[in-house]
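Chemist: pasting the structure only:
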């Protein structure tokens, strides 16, 4: 591949975001503070996995090892992130549309999502996802 064929791109993400001091505004309504919050970490990780899958599909990265080098993470961590794309499409949509929270936390962890994604059958994934949400008293 010659220099004229190369495509430049840049990836910016933080797997361990630095804590921000909370904003204190006694006059701000509660709804505004949540709207100004962060997307849950599980939403961010799924979006990242989808973005990485797109890079692979478009040839911007050749494999997970390449993505790991570009992202500055281990291949093992990259494999963990990419496991989220195995989730049933409706579960992915639900996760992608989770509302922002003040601290970006969501009761269901990335690990719990990966355990759901490990199940091959989407119908079984859906059952397990409902059980996980039920354990955390989520709709």
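Modeler: Ah, there it is. No experiment lies behind these values; they were computed from the predicted model shown.

Chemist: Give the burial count for the nearest residue to residue 63 once chain neighbours are set aside, as a bare number.
Modeler: Among residues not flanking residue 63 along the chain, residue 56 sits closest, at 7.3 Å (CB to CB, 6 or more residues apart in numbering). For glycine as for every other residue, the C-beta is placed from the backbone atoms N, C-alpha and C. For residue 56, the count of nearby residues is 15 (other CB atoms under 10 Å).

Chemist: now the one 10 residues further on
Modeler: Close neighbours of residue 66, defined as other CB under 10 Å, add up to 15.

Chemist: Buried ones in the helix or strand that contains it, by neighbour count?
Modeler: Counting by DSSP states H and E, the element that carries residue 66 is helix 64-71. By neighbour count on 16 or more other CB atoms under 10 Å, the buried set for helix 64-71 is 64, 67, 68, 70, 71.

Chemist: Kindly report the same for stretch 78-87.
Modeler: Buried, per 16+ other CB under 10 Å, within stretch 78-87: 78, 80, 81, 82, 83, 84, 86, 87.

Chemist: Check the second one and give its pLDDT.
Modeler: Pointing back at residue 80 there. Looking at residue 80, its pLDDT stands at 96.
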